[in-house]
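Q: below are the sequence and a predicted model for it; my questions follow.
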Amino acid sequence: MITFHNDLHALHHGKLEMFRGAMVPCFEVPARVDHVLAELRARALGPVQAPPACGDDPIARVHARRYLDFLAGAWDEWVALDPANASRDAIPSCWPIRTFRSDVLPASFPARLGLFSFDAGSPLTAGTWTAARKGADCAVAAAQRLLAGDRAAFALTRPPGHHAGADFFGGYCFLNNAAIAAQALRDGGLDRVAVLDIDYHHGNGTQSIFYGRGDVFFASVHGDPRTEYPFYLGHADERGLGDGAGCNLNLPLARGTGFDSWRSALAQALQAIRAFGAQALVLSLGVDTFEGDPISGFRLASPDYLRVGEDLAAAGLPTAFVFEGGYAVAEVGINAVNVLDGFCQ
Ligand code: SP5
Ligand code: ZN
């Protein structure tokens, strides 16, 4: 399987994130991807290539113009507020929830930073926009390989994407790579596409992007949002709206869930994707389901990820893997590549 990767991901390197009132070192670090690359190369799982530039169009098919304009200029605006900001990341501290207006674009940069985000845990840095753009290139390139007939491709990207909505960032995510890949598959001629999200955290951004659509099925196995981030979406009763009714499947599991129960939920998600009649699959590949993950609560062990890959392969769909979370940095390469290795056997 081919892997698309761009070194410029490392330009996105947040320093600190807000957690329960404290600023703590970022969990989502460049070394995560270095470990995956090293493991891919050690196992000779296929070529690693830099993707061609996808241009603005595939990104604008998923994200709102005013959000993309905001992201593109955000770092310069942040530094223009105060030259001292060049040495610290941009983090929102004010949000227009409920009765506030979101239709009027504030002139104030901190106000727009809050308008286009949902948490204080996702620092925006000098290189965030460049890194995110290169990540979208990887996602589109992976989709193009499926359209060209490949059975699988891997977009090895960071920052991750699945928490980012059409016009907001959060959860370490800025551009929704999985959604961009799914939309590229649709625009490339497939009628029915599925996104399966196996990151520990619910893919609220991907769900929201496709919630009203009947052409893209979204399924997710994740920590129960009653206790787990992102808290405000991901419940089992969210089934899709309008044309999308029945095209959303959430399988929340309690913190502490081990592989056997998790694997049953995966089988249920794959069964629903089969019933939907998907012609291709985008797999949001988070490995923060690992027992050693510092911010998550499932109990998957490293060898379990080989079985995950085998189960995915048995679904028989062309599959674009898109890298998401996984914060046990030393093991993230083994775990992610185990999924790909299991798929390719
Ligand atoms: C892509 C992805 O996996 N995003 C996850 C974002 C989670 N953000 C909240 C992190 C909360 C950090 N908890 C620290 C617990 C230390 N014991
Ligand atoms: Zn996650």
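A: Yes, it's here. Because the structure is predicted, anything quoted here is derived from the model rather than measured. Ligands and ions are numbered 1, 2, ... in the order given.
Q: count residues in the vicinity of E331, would you?
A: Neighbourhood size, E331 [other CB atoms under 10 Å]: 21. Just so you know, the C-beta spots here come from the backbone N, C-alpha and C atoms, and that holds for glycine as well.
Q: mind telling me what element it is part of?
A: helix 329-344 (DSSP states H and E).
Q: report the mean per-residue pLDDT for stretch 9-17.
A: Stretch 9-17 carries an average pLDDT of 98.
Q: contacting residues around that stretch?
A: Outside stretch 9-17, the residues that touch it by CB atoms under 8 Å, 6 or more residues apart in numbering are 23-30, 33, 88-89, 91, 120-123, 125-128, 130-132, 134-135, 157-159, 172.
Q: what residues does this structure put near ligand 1?
A: 19, 121, 160, 163, 171-173, 199, 201, 229, 286, 288, 294-295, 324-325 (CB under 6 Å from any ligand atom).
Q: do that again at 8 Å, thanks
A: Residues of the chain that fall close to ligand 1, judged by CB under 8 Å from any ligand atom: 17, 19-20, 24, 27-28, 119, 121-122, 160-163, 170-173, 199-201, 229-230, 286, 288, 294-296, 324-327.
Q: for the top helix by length along the chain, list the C-alpha coordinates in CSV.
A: Ranked by residue count under DSSP state H, the longest helix found in the chain is helix 128-147. Extracted C-alpha coordinates of helix 128-147, given in CSV (Å, rounded to 0.1, in the frame of the first residue of the first chain):
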residue,chain,number,x,y,z
THR,A,128,-0.6,25.1,11.4
TRP,A,129,-2.1,26.3,8.1
THR,A,130,0.8,24.9,6.0
ALA,A,131,0.9,21.6,7.9
ALA,A,132,-2.9,21.2,7.6
ARG,A,133,-2.9,22.0,3.9
LYS,A,134,-0.2,19.4,3.3
GLY,A,135,-2.3,16.9,5.3
ALA,A,136,-5.2,17.6,3.0
ASP,A,137,-3.0,16.9,0.0
CYS,A,138,-2.2,13.5,1.5
ALA,A,139,-5.9,12.7,2.0
VAL,A,140,-6.9,13.7,-1.5
ALA,A,141,-3.9,11.7,-3.0
ALA,A,142,-5.0,8.6,-1.0
ALA,A,143,-8.6,9.0,-2.4
GLN,A,144,-7.2,9.4,-5.9
ARG,A,145,-5.3,6.1,-5.6
LEU,A,146,-8.5,4.3,-4.7
LEU,A,147,-10.2,5.9,-7.7
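Q: which SS class is A272?
A: What DSSP: H, G, I helix; E, B strand; the rest coil gives for A272 is helix.
Q: not counting its neighbours along the chain, what's nearest it?
A: L249 (5.0 Å; CB to CB, 6 or more residues apart in numbering).
Q: tell me which element that neighbour falls in.
A: strand 248-253.
Q: and that strand, what does it pack onto?
A: With contacts taken as 3 or more CB pairs under 8 Å, 6 or more residues apart in numbering; DSSP states H and E, strand 248-253 sits against helix 204-210, strand 216-223, helix 259-276.
Q: got the contact list for the first one?
A: Meaning helix 204-210. 62, 161-166, 168, 170-171, 173, 176, 178-179, 182, 195, 197, 216-218, 220, 230, 232-234, 238, 244, 247-248, 250, 284.
Q: show the buried residues in these.
A: Among those, those buried by neighbour count (16 or more other CB atoms under 10 Å) are 62, 161-165, 168, 170-171, 173, 176, 178-179, 182, 195, 197, 216-218, 220, 230, 233-234, 238, 244, 247-248, 250, 284.
Q: ranges for the strands of the stretch 1-150 of the chain?
A: Ranges of strands within the stretch 1-150 of the chain are 2-4, 16-19, 22-25, 48-49, based on DSSP state E, counting those that start in this stretch.
Q: dump these to a markdown table, plus mean neighbour count and distance to D224.
A: A markdown table is the format used below for these (neighbours: other CB atoms under 10 Å; distance: least, CB to CB, whole Å):
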| stretch | mean neighbour count | distance to D224 |
| --- | --- | --- |
| strand 2-4 | 23 | 32 |
| strand 16-19 | 16 | 20 |
| strand 22-25 | 11 | 24 |
| strand 48-49 | 14 | 36 |
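Q: to R307, which of the ones you listed lies closest?
A: strand 2-4 (21.4 Å; CB to CB).
Q: elements contacting the closest one?
A: Using 3+ CB pairs under 8 Å, 6+ apart: strand 2-4 touches strand 48-49, helix 128-147, strand 152-155.
Q: again, only this time at 6 Å
A: helix 128-147, strand 152-155 (3 or more CB pairs under 6 Å, 6 or more residues apart in numbering; DSSP states H and E).
Q: quick revisit: neighbouring contacts of the helix holding E331?
A: For helix 329-344, contacts defined as CB atoms under 6 Å, 6 or more residues apart in numbering pick out 1, 31-32, 35-36, 38-40, 45, 287, 290, 292, 302, 305-306, 308-310, 312-313, 326.
Q: mind doing that once more with 8 Å?
A: 1, 29, 31-32, 35-40, 43, 45, 152, 154, 285, 287, 290, 292, 300, 302-303, 305-310, 312-313, 319, 321, 323, 326, 328.
Q: in that helix, which residues are buried?
A: Buried, per 16+ other CB under 10 Å, within helix 329-344: 331-343.
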